[in-house]
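Colleague: build me a model:
(2 chains)
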2 protein chains.
Amino acid sequence: MSVTLADVARRAGVSPATASRALSDRPHVAVATRARVRAAAEELAFVASPDAAGLARGTTGRVGVVLPHLSRWFFGAVLEGIESVLRHERIDLLLYRVGDAADRRAFFDTLPARRKVDALVVLGLPVDARERERLELMGVTIVAAVGQVAGHPFVGVDDHVAGRQAVDHLVHLGHRRIGMIAATDPQSDGYPDARSVAYRDSLADAGIPYDEDLVAVVDWGGAGGAEGMARLLGLREPPTAVYAHSDEVALGAVRTLRRAGLRVPEDLSVIGIDDHPLADLTDLTTVRQPAREQGEVAARMVLAALADAPGADVPGARAPGGVTLPTQLVVRRSTAPPRDGVTAPPRDG
Amino acid sequence: MSVTLADVARRAGVSPATASRALSDRPHVAVATRARVRAAAEELAFVASPDAAGLARGTTGRVGVVLPHLSRWFFGAVLEGIESVLRHERIDLLLYRVGDAADRRAFFDTLPARRKVDALVVLGLPVDARERERLELMGVTIVAAVGQVAGHPFVGVDDHVAGRQAVDHLVHLGHRRIGMIAATDPQSDGYPDARSVAYRDSLADAGIPYDEDLVAVVDWGGAGGAEGMARLLGLREPPTAVYAHSDEVALGAVRTLRRAGLRVPEDLSVIGIDDHPLADLTDLTTVRQPAREQGEVAARMVLAALADAPGADVPGARAPGGVTLPTQLVVRRSTAPPRDGVTAPPRDG
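Modeller: Model (predicted):
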């Protein structure tokens, strides 16, 4: 019997959009309307929590971070960035990990009753419309990192650009038969797969026909990468270069090549995305994305939002906006021109 | 002007040991004494926090975890184990990372006034006597993971056993000239270096003289490992095998060997400790320690302590105890007998 934003809106006699704006303290909502929506939300949901009545905006001294993984380097690094900024302000960090679908449902269902934080950072967790409604029912500041939550500030990288940087590098080296190991994460269903779109676009720009045999879709991680590479090696005409969706996936591919007695990059080039610390140790060419910095920016967005007085409706001051941090190609020793010596025509720069 | 346990003890007219027992709700303290110590502690310190007066034991619904790193796989995996158990009990997790010495001092100085949790897990952070006093002034359950806090329950592995398993493996393969890359972590000063002692002991048992030239002490991490290996390669007579304090350090060593044109394990064997997920991908022989499980056990220790009624002085029920989880050798492809074919005499099993 979960309460939805529509229930709150109906009770307050406003549209769901207005209810959403009122609950998240965004501008352009009349003071009286805001009060009516808040009252409706509290009657329907917040009353369930004994804490909630006593909590005013910005008074818990806590910020929550909800994320799908803790033992992956990338999430740890982003979290470290968030923590470093919050600690400096003596704000406590509450951690919520949501794993499988059941976890996730339980988390979002109990959100309004768990208004124990002044703000919530949604880290690497794409949310659907219903989940977003639940988040907004909390009535706290929401910031998205490594992904977006419609209508709220976000920080991330452009995955399409990152993917283009990786595949374009292989094209520039002269490769024409380029495989992709596309990694899917069951805990991040629905994430727009910009890294796959970038592969198609890069090939199209280079006049290379798309061949679905050259795409191996695997589970995220090293084991998936190893399996995907084995599949590509089993083709009648294997690729001369492989683009993996992440460094861990790429390192799995490299293991398969090593076990098959193939040399990287002499026999086959491999590129990943991330610049995981071990990419440097394994001489893996990759596209670097700033991890810790994404966390720092997310935390500063939280601080900026909390610094705004709740009643001060300065238009635009808390309007949702995004920060996109740059990615860059890092050339190491896992990529080289193909053995047949084919050289691509010169391109821009 | 920080308040120490001695101040509280003096004011209550008891010994520091008794004050400590009373504050941490351990048995064998008379009810009246316990009340007097608590009153003294509150007068001196807890009064500083507006929350503290209203908080009774086990009522915040929060458990804190204090740790030195977030972006290292091992800490993330332990944290994931803690989180999975606490989440199941609907207990919130507050995260405190302490980085450098200043961070650390600030954290411990403000502890008593920050009694926002029912229990604290001290993860991979060795504490000195003063820091332990500060922890105990909080008057909450303390559990140590990956390290110990004197007088409190702990979970970990036996680092001496792990080190022996690694070095003994190299000895059994027939190596006599075995190097060690010892990693130090400025954020974990004072941690008993059982992994180094294990190296000496293993060599001594095998009748191999200790040669300090074969020991490279470096900063923790891949860059340190790479540098340590370079130092060992610069010896007039380099080792035929290298024992690294962790997998990341070992992978740094492997990079130096690769860049020097040396093959692993044909020219030189390398072993690490941890069983990092990338050890599997890089075919690194290692000694596995259970990471997530250490977190799960720590969280279950917290739950057991919180389940005890505060007044119920059942002797031994909350007595400090430790759980040591087993480590095991995982043989992959980075270790082999030395090239000169020397074989060690058969040993036990």
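Colleague: how far away is A:Gly147 from chain B?
Modeller: When distance is defined by Cβ to the nearest Cβ, to the nearest Å, A:Gly147 is 19 Å away from chain B. Bear in mind the C-beta positions are built from the backbone N, C-alpha and C, glycine included.
Colleague: could you find the closest non-adjacent residue to that residue?
Modeller: Here the nearest residue to A:Gly147 in space, its sequence neighbours aside, is A:Pro126; by Cβ to Cβ, 6 or more residues apart in numbering or on different chains that works out to 5.2 Å.
Colleague: with A:Val215 instead?
Modeller: A:Val215's closest residue in space is A:Met180 (Cβ to Cβ, 6+ apart), at 4.9 Å.
Colleague: buried ones in the helix or strand the one you found falls within, by neighbour count?
Modeller: A:Met180 is located in strand A:178-184, with elements delineated by DSSP states H and E. Buried positions in strand A:178-184, judged by neighbour count with 16 or more other Cβ atoms under 10 Å in any protein chain shown: A:178-183.
Colleague: need those in CSV (columns: distance to B:Arg134 and pLDDT).
Modeller: Converted to CSV, those look like this (distance: Cβ to Cβ, whole Å; pLDDT from 0 to 100):
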residue, distance to B:Arg134, pLDDT
A:Ile178, 58, 98
A:Gly179, 56, 98
A:Met180, 53, 98
A:Ile181, 50, 97
A:Ala182, 50, 95
A:Ala183, 45, 92
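Colleague: list just the nearest of those residues to A:His69.
Modeller: A:Ala183 (13.1 Å; Cβ to Cβ).
Colleague: related to what we said a few turns ago, quickly run through the sheet partners of the strand holding A:Met180, with directions.
Modeller: Note on strand A:178-184: by DSSP bridges, its sheet partners are strand A:215-219 (parallel), strand A:241-244 (parallel).
Colleague: now do the first one: everything it contacts.
Modeller: Spelled out, that is strand A:215-219. Contact with strand A:215-219 is made by A:179-186, A:196, A:199, A:224-225, A:227-229, A:231-232, A:249, as judged by Cβ atoms under 8 Å, 6 or more residues apart in numbering or on different chains.
Colleague: buried set for whatever helix or strand comes next after it?
Modeller: On the C-terminal side of strand A:215-219, the nearest following helix or strand under DSSP H and E is helix A:222-233. Going by neighbour count (16+ other Cβ under 10 Å), the buried part of helix A:222-233 is A:222-233.
Colleague: those residues: which ones sit near chain B?
Modeller: A:222, A:225-226 (Cβ under 8 Å from any Cβ of the partner chain).
Colleague: point out the most buried one among the strands paired with strand A:178-184.
Modeller: Mean neighbours per residue, mean count of other Cβ atoms under 10 Å in any protein chain shown, is largest over these for strand A:241-244, with a mean of 31.
Colleague: what pLDDT, on average, does it get?
Modeller: Throughout strand A:241-244, pLDDT has a mean value of 98.
Colleague: ok, now stretch A:199-216?
Modeller: The model assigns stretch A:199-216 a mean pLDDT of 97.
Colleague: that one: how far from the chain's middle?
Modeller: 24 Å (Cα atoms, centre = their mean, to the nearest Å).
Colleague: how about stretch A:263-280?
Modeller: Counting by Cα atoms, centre = their mean, stretch A:263-280 comes out at 22 Å from the chain centroid.
Colleague: now do stretch A:149-158
Modeller: Distance, centroid of stretch A:149-158 to centroid of chain: 9 Å (Cα atoms, centre = their mean).
Colleague: equivalent analysis for stretch A:160-172, please.
Modeller: 19 Å.
Colleague: might one say that A:Gln165 is in contact with A:Val330?
Modeller: No: A:Gln165 lies out of contact with A:Val330 (Cβ atoms under 8 Å); the separation is 9.7 Å.
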